[in-house]
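Q: Okay, here's the prediction I keep looking at, along with the sequence it came from:
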Amino acid sequence: MEDDSARTYFLLDHPPTPVPSQRVVDLYRRAFVLPPWNNQTSETEAFNCLKCDYVVPLFQGVFAEEERKTIGFSLAAEKIFQNGHSLVWVNMVCVDPDRQGRGIGRTLIEMTIEAARRRGVESVGLTTLKQSPAAKLYEKLGFKRSSSAASTCPGYGLFSLKF
């Protein structure tokens, strides 16, 4: 594993800016245009998608930076249900394609999990493409794959980690 001493991680309970920065939008577009996602999102579509994650109540974000540039992020939010149960839902995890495979995504998710535990929620949930490399990472981190997403989101897997 490479030396990541120049890498900094920030856990935030509010977005770092009122709207996504251009660097975050560009990073999203670079990461999700590649297989297995093959998402040809325009800059405006990417901005609007990210903006939705920035304005959710009970925001929780983790950002990774190197040389003052965002190289990865996890965007999540706490959901509280009428019965009092709560979970943190991870809306998106994104790592610069040139830096993938270096433990950045793992650290983003580990920090998200730890923050959820500190908040006292009961679980963390997310979805990803069944064939994405991230699916294996989530399972290594203790997430369990559910079969209930198959009928509503073909090709995607629903993952949850209960505390």
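A: Sure thing, it's come through. As the structure is a computational prediction, the values presented were derived from the model and not from experiment.
Q: gap between the helix or strand harbouring residue 52 and the chain center?
A: Using DSSP states H and E, residue 52 maps to helix 43-54. Its chain's average C-alpha position is 14 Å from that of helix 43-54, according to CA atoms, centre = their mean, to the nearest Å.
Q: hey, C-alpha coordinates of it in CSV?
A: The C-alpha trace of helix 43-54 is given here as CSV (Å, rounded to 0.1, in the frame of the first residue of the first chain):
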residue,chain,number,x,y,z
GLU,A,43,-22.3,18.5,-16.2
THR,A,44,-25.7,20.0,-15.4
GLU,A,45,-27.2,16.6,-14.6
ALA,A,46,-24.2,15.7,-12.4
PHE,A,47,-24.5,19.0,-10.6
ASN,A,48,-28.2,18.5,-10.0
CYS,A,49,-27.7,14.9,-8.8
LEU,A,50,-25.0,15.9,-6.3
LYS,A,51,-27.0,19.0,-5.2
CYS,A,52,-29.8,16.7,-4.1
ASP,A,53,-27.4,14.9,-1.8
TYR,A,54,-26.1,18.2,-0.5
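Q: Listing partners with orientation, what would you give for the helix or strand following that helix?
A: Next in sequence after helix 43-54, counting helices and strands by DSSP H and E, comes strand 59-66. Partners of strand 59-66 in the sheet, by DSSP bridges, are strand 7-12 (antiparallel), strand 69-80 (antiparallel).
Q: Whatever helix or strand comes next after the first one to strand 59-66, inter-axis angle?
A: Toward the C-terminus, strand 7-12 is succeeded by helix 22-32 as the next helix or strand (DSSP H and E). Between the direction of helix 22-32 and that of strand 59-66, the angle (axes from the mean of the first three to the mean of the last three CA atoms, to 10 degrees) works out to 90 degrees.
Q: Run through the neighbouring helices and strands of helix 22-32.
A: Packing partners of helix 22-32 (3 or more CB pairs under 8 Å, 6 or more residues apart in numbering; DSSP states H and E): helix 43-54, strand 69-80, strand 86-95. Any C-beta I mention is one placed from the backbone N, CA and C, and that applies to glycine too.
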